[in-house]
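S.K.: I would like to see how this sequence folds:
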Amino acid sequence: MSVTEAAAEPLIRIGEVARGAGVSVRAVRYYEEQGLLVAERSPSGQRLYRQDAVPLVRFFQQMFAAGLTSRRIAELLPCWDAGHTDAGQRAMLRAERERIQAKLDDLQATLDQLDGVIAITDTHP
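M.R.: Below you'll find the model as predicted:
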């Protein structure tokens, strides 16, 4: 989208994206450097983003927290944008889901162990 098309959709500044997504301005710049986010430039050179940049940055945060790399996230973007996938993308999505589920299972087992220790210590002040 060009800045001339921006009249149809109001663009927002980098600080608004950062505040809306709960991240730093530096994080938004990083996503742009990694090719995950595209900014337009105002005549004065300010970065301007589409409104959907906020939920997209939240998505990036969730994927990074789950252990995905910026490269893997970039591979997911066509799925996010188009809403459909090819067989290779679906296989990649399923593999990432299985990896995250295994991580969750491990965390649940750890939580259960901690609950057991807490229960024991609660009976012995």
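S.K.: Show me what the helix-or-strand element of the chain with minimal mean pLDDT is packed up against.
M.R.: The helix or strand of the chain with the poorest confidence is helix 70-82; it has a mean of 83 (mean pLDDT, DSSP states H and E). Helix 70-82 sits against helix 53-65, helix 87-123, with contacts defined as 3 or more C-beta pairs under 8 Å, 6 or more residues apart in numbering; DSSP states H and E. Every residue, glycine included, has its C-beta placed from N, CA and C.
S.K.: What residues sit buried inside the shortest one?
M.R.: Neighbour counts using 16 or more other C-beta atoms under 10 Å place Ala53, Val54, Leu56, Val57, Phe59, Phe60, Met63 of helix 53-65 among the buried residues.
S.K.: Run through the residues that contact the first one.
M.R.: When contacts are counted by C-beta atoms under 8 Å, 6 or more residues apart in numbering, Ala53 touches Ile12, Val17, Ala21, Val28, Leu37.
S.K.: can you put the residues you listed in CSV and add pLDDT, distance to Arg97 and secondary structure?
M.R.: Shown next, in CSV, are the contacts of Ala53 (pLDDT from 0 to 100; distance: C-beta to C-beta, whole Å; DSSP: H, G, I helix; E, B strand; the rest coil):
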residue, pLDDT, distance to Arg97, secondary structure
Ile12, 95, 31, strand
Val17, 97, 27, helix
Ala21, 96, 23, helix
Val28, 97, 27, helix
Leu37, 94, 24, coil
